[in-house]
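Asks: Kindly generate the corresponding structure for this input.
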Amino acid sequence: MGRMGWFLAYSFYMIFRHPVRPLHILKQISFIGARSIFVIFLTAAFTGMVLGLQGYYTLTKFGSEGALGSVVALSLIRELGPVLTALMVTGRAGSAITAEIGIMRISEQIDALETMALDPFKYLVSPKMIAAVISLPLLCAIFDVVGIYGGWLVGVKLLGVNPGAYFYELEKSVEWRDVYSGILKSLSFGVIISWIGCYKGYFTGHGAEGVSKATTEAVVLTSVLVLIWDYFMTSVLL
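Replies: Got it, this is the predicted structure:
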């Protein structure tokens, strides 16, 4: 834990050290953010549709079908949006980050950077951390919007909920505090994904087996930490 804490602190320290290399950061934003849009879009659409379907049949028991919009929106914005976005990015980009740095470690490319007096944190870790912190809130926003319209598609077009009631209840129930909590969760999840992925890759074992083990550990540990941290963030932000 001490080594992991030092790794995170030094990574943040190197973010503010010159020279800043925007091209490295943009490349990582493209990899972590832009290339994850399709899987986020697909996951969000079906998550919203499931929420719309389940929410409708639950609310029907109480005669409150008009509240479907608020149920779908609050579930996505406060909880499911940030958490599922983080889990999808962990599976797609977090594992790749660990494998990339791990292969560089076992092929001695990181040692070559250190030999040339180039800090590996500055060139490998910090750009990924900045890119993850920038990309996760944007991907979460896409997830929320697509999920809300997925719920609208099922609730309004398929099950016959009044479209005016759907968006009216949504607008009435969603407050800035809900959006704010989702943004904060996404920012912290971005740090967790890049931190664990880079750490496990940087200290990977030898050979292909070491890289595969580090990648598996990174995905599992990141997913567990995301869920644990989500609970603490929810308890504080409520």
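
Asks: how deep is the closest residue to residue 31 other than its chain neighbours tucked in, by neighbour count?
Replies: Counting by Cβ to Cβ, 6 or more residues apart in numbering, residue 31 lies nearest to residue 93, which is 6.5 Å off, once chain neighbours are set aside. Placement of C-beta: from N, CA and C, glycine included. Residue 93 has 24 neighbours, counted by other Cβ atoms under 10 Å.

Asks: Also residue 23?
Replies: Residue 23, neighbours per other Cβ under 10 Å, totals 8.

Asks: how close does it get to residue 130?
Replies: As judged by Cβ to Cβ, to the nearest Å, residue 23 and residue 130 stand 12 Å apart.

Asks: Please apply the same query to residue 166.
Replies: Taking Cβ to Cβ, one finds residue 166 at 38 Å from residue 130.

Asks: residues contacting residue 25?
Replies: Applying Cβ atoms under 8 Å, 6 or more residues apart in numbering to residue 25 gives the contacts 127, 130-131.

Asks: give me that answer again for 10 Å
Replies: 15, 126-131, 134 (Cβ atoms under 10 Å, 6 or more residues apart in numbering).

Asks: Now neighbour count too, for those, in TSV please.
Replies: Converted to TSV, the contacts of residue 25 look like this (neighbours: other Cβ atoms under 10 Å):
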residue	neighbour count
15	17
126	27
127	24
128	29
129	25
130	21
131	24
134	18
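
Asks: Which residue is the nearest non-sequential neighbour of the residue most central in space within the chain?
Replies: Central residue check for the chain by Cα atoms, centre = their mean: the C-alpha nearest the mean position is that of residue 86, 2.5 Å away. Sequence neighbours aside, residue 189 is the residue nearest to residue 86 in space, at 3.8 Å (criterion: Cβ to Cβ, 6+ apart).

Asks: That neighbour against residue 32, yeah?
Replies: No: with contact defined as Cβ atoms under 10 Å, residue 189 does not count as touching residue 32 (11.9 Å).

Asks: remind me, longest helix of the chain?
Replies: The longest helix of the chain (DSSP state H) is helix 207-237.

Asks: And that helix, how far out from the chain middle?
Replies: 12 Å (Cα atoms, centre = their mean, to the nearest Å).

Asks: same deal with stretch 59-67?
Replies: 32 Å.

Asks: So which bits of it are buried?
Replies: 59, 65-67 (16 or more other Cβ atoms under 10 Å).

Asks: before we move on, what about stretch 196-205?
Replies: 196-202, 204.

Asks: I'd like to know which of these are part of helices.
Replies: 196-202.

Asks: Number of residues surrounding residue 207?
Replies: Using other Cβ under 10 Å: residue 207 sits among 10 other residues.

Asks: Identify the spatial nearest neighbour of it, chain neighbours not counted.
Replies: residue 106 (6.4 Å).

Asks: coming back round to it: would you turn the ones in helices among the buried residues of stretch 196-205 into a markdown table with pLDDT and distance to residue 121?
Replies: Below are those laid out as a markdown table (pLDDT from 0 to 100; distance: Cβ to Cβ, whole Å):
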| residue | pLDDT | distance to residue 121 |
| --- | --- | --- |
| 196 | 94 | 15 |
| 197 | 93 | 14 |
| 198 | 92 | 9 |
| 199 | 93 | 11 |
| 200 | 92 | 15 |
| 201 | 90 | 12 |
| 202 | 90 | 9 |
